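Asks: here is a sequence together with a model predicted from it:
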Amino acid sequence: MITPVSIGYKLPNNCACLVLVYQSDTGNLRQRSMPLRNLANLDDTIIAKQMKDKHLQYLKDVDEGQLVSVINKAMVALSGNAEAINLNKLDDKELGAHKLKMDVLFNKNKKTKNDKGFVYDVQKDFKDPKEESGWDSD
């Protein structure tokens, strides 16, 4: 039985590898590096599916959204460009992949009533803006 602890990537010699830290049956922490291939030619969701199929023993308990997110970060790091993407110009498949990544980040940051430090009705006072925005001046 393999229990994933953390997942990330590394870029040794300009080649991307997926790195999984997991706990083995004996309770020892181990690390597994898996090469990421075809990053320039394929979509991150397709690569995630291929990785999960190829390394099922290690990745079966890893959330697919988290896997896509790590692969996307590796792709951006390899390409050296982290430019913003206009979601309005994407087709349904690409848009769905980006929404999946956003959902991963949202679920990571959201607070539920069962979380420690949860406050139901958060109210904050903000300072006056430094410059006029124009859209809300009534």
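Replies: On my side now, so go ahead.

Asks: with adjacent residues omitted, what lies nearest to residue 107?
Replies: Distances taken as C-beta to C-beta, 6 or more residues apart in numbering place residue 65 nearest to residue 107, at 8.0 Å, with adjacent residues excluded. Where C-beta positions appear, they are placed from N, C-alpha and C, glycine not excepted.

Asks: helices and strands around the helix or strand encompassing that neighbour, which ones?
Replies: In the assignment (DSSP states H and E), residue 65 maps to helix 64-79. Secondary-structure packing of helix 64-79 (3 or more C-beta pairs under 8 Å, 6 or more residues apart in numbering; DSSP states H and E): strand 3-10, strand 17-23, helix 44-54, helix 92-109.

Asks: okay, now the residue nearest to residue 107: neighbour count?
Replies: If you count neighbours by other C-beta atoms under 10 Å, residue 65 ends up with 20.

Asks: quick check: it touching residue 98?
Replies: No. Residue 65 is beyond contact range of residue 98, at 11.4 Å (criterion: C-beta atoms under 8 Å).

Asks: assumed residue 31 was part of a strand.
Replies: Yes. Residue 31: assigned to a strand according to DSSP: H, G, I helix; E, B strand; the rest coil.

Asks: and it, what are its bridge partners?
Replies: residue 21 (DSSP bridges).

Asks: which residue is nearest the middle of this structure?
Replies: Centroid check for the chain by C-alpha atoms, centre = their mean gives residue 69 as the closest residue, at 2.5 Å.

Asks: hang on, isn't that residue packed against residue 104?
Replies: Yes. Between residue 69 and residue 104 there is a contact under C-beta under 8 Å: 5.1 Å.
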